[in-house]
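Chemist: with the sequence up front, the predicted model follows.
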Amino acid sequence: MIEITFLGSGGGRFITITQFRSTGGFHIKASRNVYVDPGPGALVRSWRYKLDPRKLDAIFVSHRHVDHCNDLEVMVEAMTGGALKKRGTLIASKSVVYGDETHTPAISKYHIDVLESVHTPEPGNKIAIGEEEFLITPSQHSDPTTIGFRMKTAYGDISYIPDTAYFDGLVEWHDGARLLIAAITRPRDMGIPYHLSTDDAVEMLK
Ligand SMILES: [Zn+2]
């Protein structure tokens, strides 16, 4: 069985600073425990919902925006038993690990050094975590290195589309997934640049 727990479905600057919806990302329990996009509140919410972050095996971070990566370092500390043992995998955008023109890296060298492996993959790359495989998928976002995934499991594929504009080919990358988790900011025609609206979601589902 696979269990997915949302530690908050919120995101975007105003929902993040007000916490009208919490912004902790989500936890996947499959053959391994994987945390996806540990935004503000990930650590606190994990404990509230009895998901021991010391039992994580991997963390996936789609991009270097604070609502997706704020709690990354502290989740790495949990995954590595207080940064005392070399453990766990990080799969993240290049911007998260190396920074970019406007952002420092979201993770220090200290935290990188306690991880067993660090991946900054390109779309199309495949990374195995336990019995599941992550196919890395593309996004078109204001952070140009943003990545999503399609996770192959024994029960079907779980797709994650993080912040992205709609673009040709997006549907093909995720076509046939059993479960689609997508970051959708606004309803109808009130969409904002570099993000999906509900209109886009309806088109994709068709
Ligand atoms: Zn973003």
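Modeler: Received it, and whenever you're ready, just let me know what you need.

Chemist: quick one: residues contacting residue 62.
Modeler: By C-beta atoms under 8 Å, 6 or more residues apart in numbering, the contact set of residue 62 is 36, 37, 68, 92, 93, 139, 146, 147, 148, 160, 162, 163. (Each C-beta comes from the backbone N, C-alpha and C, glycine too.)

Chemist: could you measure from it over to the ion?
Modeler: 8 Å (C-beta to the ion, to the nearest Å).

Chemist: would you mind measuring from that residue to residue 30?
Modeler: Distance of residue 62 to residue 30, computed by C-beta to C-beta, to the nearest Å: 18 Å.

Chemist: the ion next: which of the contacts of residue 62 are close?
Modeler: Of the residues in these, proximity to the ion by C-beta under 5 Å from the ion holds for residue 163.

Chemist: quick check: residue 67 touching residue 13?
Modeler: Yes - between residue 67 and residue 13 there is a contact under C-beta atoms under 8 Å: 7.5 Å.

Chemist: more neighbours: the two, which one.
Modeler: Using other C-beta atoms under 10 Å, the more surrounded residue of residue 67 and residue 13 is residue 67, with 23 against 10.

Chemist: confirm that the more buried one lies within a strand, as I assumed.
Modeler: No - looking at residue 67 with DSSP: H, G, I helix; E, B strand; the rest coil, it is helix, so not inside a strand.

Chemist: so who does it touch?
Modeler: By C-beta under 8 Å, 6+ apart, the neighbours of residue 67 are 10, 11, 12, 13, 15, 16, 23, 39, 40.

Chemist: next, count neighbours for the third one.
Modeler: Translated: residue 12. With other C-beta under 10 Å as criterion, residue 12 counts 17.
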